[in-house]
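Enquirer: test case, fold it:
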Amino acid sequence: MKEKNLLVSVKRAGQTTKSLQADKPWSNLLENLDVSHQDQVWVSDITYVRLKGRFIYLCLLMDVFTRMIRAWQFSQHLNQSLTLKPLKEALDHSVPEIHHSDQGVQYLSKVYITTLEAHGIEISVARRGCPWENGYAERLIRTLKEEEVDINDYQSITEARDRIGHFIEQVYNQKRPHSALGYLTPIEFQRQNLS
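Expert: Below is the predicted model:
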């Protein structure tokens, strides 16, 4: 290939989270759970967003019953503040009964677990290597990627943050109907279930 001046474009994936290897006292509490009200279950996950020549990371926190994105955070690094900041922001407004995530070290760190326990929140985790056990969060990320991220070519962190933030707050939460919500938007469904 080199002799014929052919170049190969290598598409690199962003770094993913690492799982804790030790035994954990938590299990998947969502298995066979009937989610019946707001703030019963919040799910969270991290994904990456491609920029020119690098990646940034996005953490999303969603209420399963209303499908409302409660909080989100961008970071250039897979660090503790990526998950902790949106959790604390969301806890300023309400507290779930259960918090569900994968086994990423950001979710099972001492400070994250302590924050959940201090609010009396039950901890639920998907089994290692079973992304379908965090299906609500995985579906949210798929929607975000298909309807916003994959159709744009962000030039900067600021542009990505602004455009994705707009999609989350103005489109996903307020204008995008969900079949699981009877084709209401998350904000409409939340209002309907509060009255």
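Enquirer: any stretches of this protein with poor pLDDT?
Expert: The chain contains residues with pLDDT under 70 at 1-24, 195.
Enquirer: can you give me the helices in it?
Expert: 80-91, 110-118, 135-147, 157-166, 186-194 (DSSP state H).
Enquirer: and residue 62, which of these is closest to it?
Expert: helix 135-147 (5.4 Å; C-beta to C-beta). For the C-beta atoms, the positions are set from N, CA and C on the backbone; glycine is no exception.
Enquirer: gap between that closest one and the chain center?
Expert: 8 Å (C-alpha atoms, centre = their mean, to the nearest Å).
Enquirer: next, the buried residues of that helix.
Expert: Using 16 or more other C-beta atoms under 10 Å as the test for burial, helix 135-147 gives 136, 137, 138, 139, 140, 141, 144.
Enquirer: hmm, residue 74 and residue 161 touching each other?
Expert: Yes - counting by C-beta atoms under 8 Å, residue 161 does reach residue 74; the two are 5.1 Å apart.
Enquirer: correct me if wrong: residue 74 contacts residue 60.
Expert: No - look at residue 74 against residue 60 with C-beta under 8 Å: they stay out of range, at 10.6 Å.
Enquirer: what about these two, which has more around it?
Expert: Counted by other C-beta atoms under 10 Å, residue 74 and residue 60 do not tie: residue 60 has more neighbours, with 22 against 18.
Enquirer: distance between stretch 144-155 and the chain's centre?
Expert: 16 Å.
Enquirer: okay, how far is it across that stretch, tip to tip?
Expert: This stretch, stretch 144-155, spans 18 Å end to end (C-alpha to C-alpha, to the nearest Å).
Enquirer: residues making contact with it?
Expert: Around stretch 144-155, the neighbours that count as contacts under C-beta atoms under 8 Å, 6 or more residues apart in numbering are 47, 49-52, 58, 60, 160, 163-164, 167-168, 171-172, 176.
Enquirer: the closest residue to residue 45 other than its chain neighbours and residue 144, how far apart?
Expert: Leaving out its chain neighbours, the residue that sits closest to residue 45 by C-beta to C-beta, 6 or more residues apart in numbering is residue 137, at 3.7 Å. Look at residue 137 and residue 144: by C-beta to C-beta, to the nearest Å, they are 11 Å apart.
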